[in-house]
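Asker: fold the following and give me the result.
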Amino acid sequence: SGKIVPWSGPDVTGKPIVALAEIVKSSSVVAGLNELVSHYGTRLMPPGPFDQGKYSVANNGWIWDADPLQNFALPRPKAYLRREVIVWGGCVKLRYGSGPADNPWLWKHITSYVRMLAATFDGFRIDNRHSTLAHVGVAMLDAARLVNPDLYVYAGPFTGSEEMDLLFVQRLGINSLAMEAGNAWD
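Answerer: Now for the predicted structure:
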């Protein structure tokens with residue numbers, strides 16, 4: 001144990017992250033995986049027969065010192081395969097794409113939800129928007145401000161960088177920041 005073993009299991013090309021985790025977990029290469037690591041995916045269970053691949057979603061989380069402008073859930077970064085993501089099992093990554101044309105249902109649904117919240121509350125707290133790209137935040141806050149022009153936005157970007165925090169303050173129109181103690185030296 002403790003040595004690196006070349007992968008000799010089934011082909012994993014193009015498999016969803018949940019399927020990859022199950023393949024690795026069921027292999028003899030890694031013993032006791034359930035006790036050591038978080039689940040990186042969630043299977044949604046719609047009623048009736050369904051394609052498991054379509055209803056496997058990646059759990060959200062965060063990565064130490066990651067670039068907050070990059071979406072770590074895309075296939076290229078491989079953050080999930082490298083087990084770099086510190087997972088929040090209670091929420092999943094949403095695939096917004098580069099704009100509403102990439103996922104019309106999601107954009108319409110979330111925009112409607114954001115507008116409802118803006119009509120109900122005087123302010124929003126944006127918590128750790130890890131790898132949700134800035135264009136999504138800008139679009140959603142623009143939609144919210146159409147309903148509530150005086151919306152107060154309190155955010156915890158937790159980028160670890162004053163320059164990056166300022167970028168988000170300017171692009172999203174954030175009114176105030178929550179700072180973690182380790183990054184609040186000023």
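Asker: can you list the weak-confidence ranges in the chain?
Answerer: Along the chain, the model assigns pLDDT under 70 to residues 1-38, 75-77, 89, 128-131, 158, 180-186.
Asker: and the strands in it, which stretches?
Answerer: 41-43, 56-62, 86-92, 123-127, 152-156, 176-177 (DSSP state E).
Asker: pretty sure residue 155 sits against residue 123.
Answerer: No. Look at residue 155 against residue 123 with C-beta atoms under 8 Å: they stay out of range, at 10.5 Å. Every residue, glycine included, has its C-beta placed from N, CA and C.
Asker: more neighbours: those two, which one.
Answerer: residue 155 (22 against 13; other C-beta atoms under 10 Å).
Asker: quick check: the gap between that one and residue 133.
Answerer: 15 Å (C-beta to C-beta, to the nearest Å).
Asker: can you map out the helices along the chain?
Answerer: 17-26, 33-36, 104-120, 134-147, 162-172 (DSSP state H).
Asker: looking at the ones you listed, which is nearest to residue 50?
Answerer: Closest of the helices of the chain to residue 50 is helix 17-26, at 13.6 Å (criterion: C-beta to C-beta).
Asker: report how many residues lie close to residue 101.
Answerer: Residue 101: 8 neighbours (other C-beta under 10 Å).
Asker: do you know how far it is from residue 161?
Answerer: 32 Å.
Asker: got it, and residue 126?
Answerer: Counting by C-beta to C-beta - residue 126 and residue 161 are separated by 17 Å.
Asker: which residues touch stretch 144-152?
Answerer: 114-115, 117-119, 122-124, 141, 173, 175-176 (C-beta atoms under 8 Å, 6 or more residues apart in numbering).
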